[in-house]
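> here is a sequence with its predicted model. Questions after.
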Number of protein chains: 2
Amino acid sequence: MTGTLYGVGLGPGDPELLTLRAHRLISTARVISYPAPDTGPSFARAIAAPYFPDGVREIPIVIPMRESRFPAKEIYDRAAQEIAELLDTGTDVISLCEGDPFFYGSYMYVFERLSARYPTVIVPGVTSLTACAAALRRPLTGRTDVLTVIPATLSDAEIRARIEAAQSVAIMKVGRHVGRLRALLDDLGLTHRAGYVERASLPDERVMPLAALAAERAPYFSMILIYKGDEAWTLPPSSSF
Amino acid sequence: MTGTLYGVGLGPGDPELLTLRAHRLISTARVISYPAPDTGPSFARAIAAPYFPDGVREIPIVIPMRESRFPAKEIYDRAAQEIAELLDTGTDVISLCEGDPFFYGSYMYVFERLSARYPTVIVPGVTSLTACAAALRRPLTGRTDVLTVIPATLSDAEIRARIEAAQSVAIMKVGRHVGRLRALLDDLGLTHRAGYVERASLPDERVMPLAALAAERAPYFSMILIYKGDEAWTLPPSSSF
């Protein structure tokens, strides 16, 4: 009997946004794996740590935070090997992931190395997408709207075409692209329909209309939501954030 | 002091996929509102009922299940009035929603009637989108993929254009459109990249490659996921569902 590999979504950051299932699996785990940067603490570990049981074995997957090297193939190969050896002894392994494991999640690099050989269970989580809409207090998408999710790394032309073909647009991982994206949305006449959220659901969350954002640079965990549909769904006034 | 209106996402259907916050709010609630059909039980109530406290006041919002009448303006007006009267007395009201309140959710019809007058808090939930990907055991979207979510009610031409502009596509609320969508995906040469999920996370969940689906008609809570990106992310073989 081999163990089962659980890919567990942790939600956007607030530990109370874990699911009951994620909470049960983490609080009874024998082995927990999570991504970690090479400097500073692991965000995934920080979300789930309040629920770690005493004596749990931890397997941090330490990834250098330099975009060009991502994904770091050898590091995931080694981590998968370590996890596989535990699964071979019949031990279940809980692999943590910010947000949802299958929504732009790093868990996929673990999953694709092990899912053909071991039983796997995915526990979906709350994504940053709906957490950001909740923080903005404006519906994300409804009725017959088309919703498109775009990584900020795409070119202006690619982003422009996708904004034009949807009623609701989320631009993920805004980071250093924020100035370029603002210029693009100004040009499309959509800045007044755009909201900005960084670090959704965390104590240092920031939420505002995009027009109110002064920064030239945003953190990696930031998002722009644009809603072009139902006119009734305006952003709350700046003063209410 | 007025009460607070909580829009609480319940996740895709399994009561263990509620968040810890949703669980806390529901299990300590004095008043809980939820959408209900005019025949048969309320899906939202069924998800959350295991956690209802004794003596909680329930406000079902009974909506006739005929698509052409949706949204039923007068029914939501009346429900909003009943909720407003409770908020005026300082009582908090928990308004339940399948999935996430702001992701194609009926909670928006309550929210848009009351959010300008009362304090509101949105508790995001696990969407059917990532629950279906979890059920299929195939990543939904990653790296620099574009993800587009399309209601099945759009025309063939609209759906085709959006599939062509994304790496990952979810077609929601497949229902009676399933035959038409299969023909369209056959024509695009994408049927082998498409998975089908109905009633994700529920005891009668069904999951299969779209090619294995015999039905001419699918239930309302069904979804097709198409992944055109990374070739490594194939669907699991039929036999493993």
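It's in.
> what about the helices in chain A?
Applying DSSP state H to chain A gives helices spanning A:20-27, A:43-48, A:73-88, A:107-114, A:128-136, A:156-164, A:178-187.
> what does stretch A:228-241 rub up against?
A:136-139, A:141-143, A:145, A:163, A:166-169, A:190, A:193, A:195, A:207-209, A:212, A:227, B:108, B:112, B:115 (CB atoms under 8 Å, 6 or more residues apart in numbering or on different chains). The C-beta positions use only the backbone N, C-alpha and C, and glycine is treated the same way.
> hey, which of the helices of chain A is tucked in deepest?
The highest average neighbour count among these, using mean count of other CB atoms under 10 Å in any protein chain shown, belongs to helix A:128-136 at a mean of 28.
> just the pLDDT at A:S115, thanks.
We have a pLDDT of 95 for A:S115.
> next, count neighbours for it.
Here the count is done by other CB atoms under 10 Å in any protein chain shown, and A:S115 has 18 residues near it.
> contact partners for it?
Going by CB under 8 Å, 6+ apart, A:S115 touches A:L5, B:R137, B:P236.
> out of those residues, who's nearest A:L96?
Top of the list for closeness to A:L96, among those and by CB to CB, is A:L5 at 11.9 Å.
> distance to chain B for the helices of chain A - can I get that in JSON lines?
Output for these, formatted as JSON lines (distance: least, CB to the nearest CB, whole Å):
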{"stretch": "helix A:20-27", "distance to chain B": "4"}
{"stretch": "helix A:43-48", "distance to chain B": "12"}
{"stretch": "helix A:73-88", "distance to chain B": "13"}
{"stretch": "helix A:107-114", "distance to chain B": "5"}
{"stretch": "helix A:128-136", "distance to chain B": "4"}
{"stretch": "helix A:156-164", "distance to chain B": "6"}
{"stretch": "helix A:178-187", "distance to chain B": "15"}
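> need those helices in JSON lines with distance to A:G99, can you?
Converted to JSON lines, the helices of chain A look like this (distance: least, CB to CB, whole Å):
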{"stretch": "helix A:20-27", "distance to A:G99": "12"}
{"stretch": "helix A:43-48", "distance to A:G99": "10"}
{"stretch": "helix A:73-88", "distance to A:G99": "18"}
{"stretch": "helix A:107-114", "distance to A:G99": "10"}
{"stretch": "helix A:128-136", "distance to A:G99": "5"}
{"stretch": "helix A:156-164", "distance to A:G99": "21"}
{"stretch": "helix A:178-187", "distance to A:G99": "20"}
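> what distance do you get for A:A133 to B:S33?
20 Å (CB to CB, to the nearest Å).
> check A:P37 too.
Counting by CB to CB, the gap from A:P37 to B:S33 is 43 Å.
> the more surrounded of these two?
Regarding A:P37 and B:S33, a neighbour count based on other CB under 10 Å identifies B:S33 as having more, with 29 against 13.
> for the more buried one, give the beta-bridge partners.
Counting by DSSP bridges, B:S33 forms beta bridges with B:I59, B:S95.
> residues touching it, list them.
B:E58, B:I59, B:P60, B:I61, B:A79, B:I83, B:V93, B:I94, B:S95, B:L96, B:V110.
> domain ranges for chain A, per the record?
A:5-123, A:128-240 (automatic domain parsing).
> want to throw those domains into CSV with distance to B:G179?
Formatted as CSV, the domains of chain A follow (distance: least, CB to CB, whole Å):
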stretch, distance to B:G179
domain A:5-123, 28
domain A:128-240, 20
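> on that earlier part again, most neighbours out of the contacts of A:S115, which is it?
Most surrounded of those: other CB under 10 Å gives A:L5, at 27 neighbours.
> quick one: that residue and A:T120 touch, right?
Yes: with contacts counted by CB atoms under 8 Å, A:L5 reaches A:T120, the gap being 4.8 Å.
> which residues do the two both contact?
With CB under 8 Å, 6+ apart as the test, A:L5 and A:T120 both reach A:F111, A:L114.
> look up how far chain B lies from A:I94.
According to CB to the nearest CB, to the nearest Å, A:I94 and chain B sit 15 Å apart.
> in the sheet, who's paired with the spatially most central residue of chain A?
For chain A, the residue nearest the mean C-alpha position is A:G99 (4.4 Å; CA atoms, centre = their mean). Here A:G99 shows beta-bridge partners A:G11, assigned using DSSP bridges.
> what sits against it?
Applying CB under 8 Å, 6+ apart, we find A:G99 in contact with A:G9, A:L10, A:G11, A:P12, A:G105, A:G125, A:V126, A:T127, A:S128.
> A:Y76 too?
By CB under 8 Å, 6+ apart, the neighbours of A:Y76 are A:I61, A:Y109, A:V110, A:R113.
> if we use 6 Å, what do you get?
Contacts for A:Y76 (CB atoms under 6 Å, 6 or more residues apart in numbering or on different chains) come out as A:Y109.
> and it, how far from B:G3?
49 Å.
> again with A:D145
For A:D145 relative to B:G3 (CB to CB), the value is 30 Å.
> ok, A:P50 next?
Separation of A:P50 from B:G3 (CB to CB): 29 Å.
> tell me which of those two has more neighbours.
Remark: of A:P50 and B:G3, B:G3 carries more neighbours, 19 against 12, as counted by other CB under 10 Å.
> what sits against that one?
Residues counted as contacts of B:G3 (CB under 6 Å, 6+ apart) are B:L87, B:G90, B:T91, B:D92.
> the third one: how many residues sit nearby?
For B:T91, the number of neighbouring residues by other CB under 10 Å comes to 16.
> before we move on, what about the one 5 residues further on?
For B:L96, the neighbour count with other CB under 10 Å is 30.
> do I have it right that it meets B:F43?
No: with contacts counted by CB atoms under 6 Å, B:L96 stays clear of B:F43, the gap being 9.7 Å.
> low-confidence ranges, chain A, go.
Along chain A, the parts satisfying pLDDT under 70 run over A:66-71.
> same thing but 90
Low-confidence segments of chain A (pLDDT under 90): A:1, A:38-39, A:63-73, A:105-106, A:214-217, A:220-221, A:230-234, A:236-241.
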